[in-house]
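Student: Mind folding the following:
(2 chains)
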Amino acid sequence: MKTERPVNLSLSPANFSWPVTAMASIAHRLTGMLLFVGVGFLLYILDMALASDAGFADASALLGQPLPKVGMIAVMATLTFHLFAGVKHLLLDLGIGETFEAASRAAWLVFGLTAVVTVILGAWLW
Amino acid sequence: MQVSVYRYNPDVDEVPQMRDMSVDLPEGKDLMVLDVLELLKGQDPTLSYRRSCREGVCGSDGINMNGKNGLACITPVSEVVKRGKLVLRPLPGLPVVRDLVVDMTQFYRQFEKVQPYLINDQPPPAQERLQSPEQRAELDGLYECILCACCSTACPSFWWNPDKFIGPAGLLQAYRFLADSRDSATAERLSKLDDPFSVFRCRGIMNCVSVCPKGLNPTRAIGKIRSMLLHQGT
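Tutor: All right, here's what the predicted structure looks like:
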């Protein structure tokens, strides 16, 4: 007989059903990590733009290209989500939205608002 | 209906396996998942699971059904079945003794830690310790827990730190006694919870609330404990 017991821990959505509240929490962490990288990208461009007139022109030219533009919009979307999810988390800490229904609505709202803000920002930046 | 069941017999199997079985459901009747388990056990008597009252009171048959923890006896098949298939696994995160039976030791150990009994150092009155209806109402939504472990085993913080994080079930009970007007050990109870793990590993993702078969809300209880810790300023 074996003494080591197995543990059922299969985290893929196929085997464990994650409520939207958990998805929002995981996405909050992921966006936090992505921002760590994303802010580096923003600072790099800021540094380039502040260095000299030529640097500013280079930065504008860089952001005029499609790929850096998409990168910029992605960083903005990440920041937007992280911000809204953070506000939601603070409200929960204050005891607001503690029922599962309210928390689910709030989580969907955070995803929805991020989509709307990203579309608006994207249209503005393009 | 196709049923995929997590099977593990420590005497025979090296590793657990998902095994497919099929079961004929009676027409025009929505069985509970426990009824399906009974039918499967008729086919294969070696299938193991816990059960007792079959009406959601004893808390024995907590299992994971198509990804969601719940009590097999009060969960209709129609509520969990996906694309004609029912997938049954043991509660996640706890060591599996056999098939759907898990070792609940870690879960009970966390429950014991919160001293789930009334502590009062005053001499007892002649008859009983009275509460006003308002004081009694504070315990609603807390005392109903049947310790089925559906919540704690749905909680990632409990999966990663089952020895240090009390878990939703234990914390709901911790608050049940913190909120009791007859209990006089509030300060001691709080000081035992005041560390980075016991309470504060909760990230408020509400997996616990989403699965509780009794509709209880550990997230709210944990929030109340947090405010009590904050006010106490320890």
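Student: Who's the closest spatial neighbour of the residue nearest to the spatial centre of chain B, skipping the chain neighbours?
Tutor: Geometric centre of chain B, nearest residue: B:Ala149, 2.0 Å, by CA atoms, centre = their mean. Nearest residue to B:Ala149, sequence neighbours excluded (CB to CB, 6 or more residues apart in numbering or on different chains): B:Phe107, at 4.9 Å. C-beta coordinates here come from the backbone N, C-alpha and C atoms, glycine included.
Student: Would you mark the buried spots in the longest helix belonging to chain A?
Tutor: Longest helix in chain A, counting residues (DSSP state H): helix A:20-51. Buried residues in helix A:20-51, counted by 16 or more other CB atoms under 10 Å in any protein chain shown: A:20-22, A:24-25, A:27-28, A:31, A:34-35, A:38, A:45, A:48-49.
Student: so what does that helix touch, helix or strand wise?
Tutor: Helices and strands touching helix A:20-51, by 3 or more CB pairs under 8 Å, 6 or more residues apart in numbering or on different chains; DSSP states H and E, are helix A:53-64, helix A:66-93, helix A:100-125, helix B:207-211.
Student: Out of the ones you listed, flag the one nearest B:Tyr49.
Tutor: B:Tyr49 lies closest to helix B:207-211 among the helices and strands packed on helix A:20-51, at 17.8 Å (CB to CB).
Student: Direction-wise, compare the helix or strand B:Arg220 falls within with helix A:20-51 and give the angle.
Tutor: Assessed by DSSP states H and E, B:Arg220 sits inside helix B:218-232. Between helix B:218-232 and helix A:20-51, the angle comes out at 60 degrees (axes from the mean of the first three to the mean of the last three CA atoms, to 10 degrees).
Student: From the contact counts, what lies against helix B:218-232?
Tutor: Partner elements for helix B:218-232 (3+ CB pairs under 8 Å, 6+ apart): helix A:66-93, helix B:167-178, helix B:186-193, helix B:207-211.
Student: Please list the residues of chain B that sit near chain A.
Tutor: Within chain B, the positions near chain A by CB under 8 Å from any CB of the partner chain are B:6, B:8, B:10-11, B:15-16, B:64, B:66-68, B:87, B:89-97, B:102-103, B:156, B:159, B:203-207, B:209-210, B:217, B:219-220, B:223-224, B:226-227.
Student: Quick check: which ranges of chain B have low pLDDT?
Tutor: Along chain B, the parts satisfying pLDDT under 70 run over B:234.
Student: Quick check: which element contains the residue lying farthest from the centre of it?
Tutor: Computed with CA atoms, centre = their mean, the residue of chain B farthest from its C-alpha average is B:Ala126, at 36.9 Å. Following DSSP H and E, one finds B:Ala126 outside all helices and strands.
Student: Ends of stretch B:118-128, what's the gap?
Tutor: The first residue of stretch B:118-128 is 13 Å away from its last residue (CA to CA, to the nearest Å).
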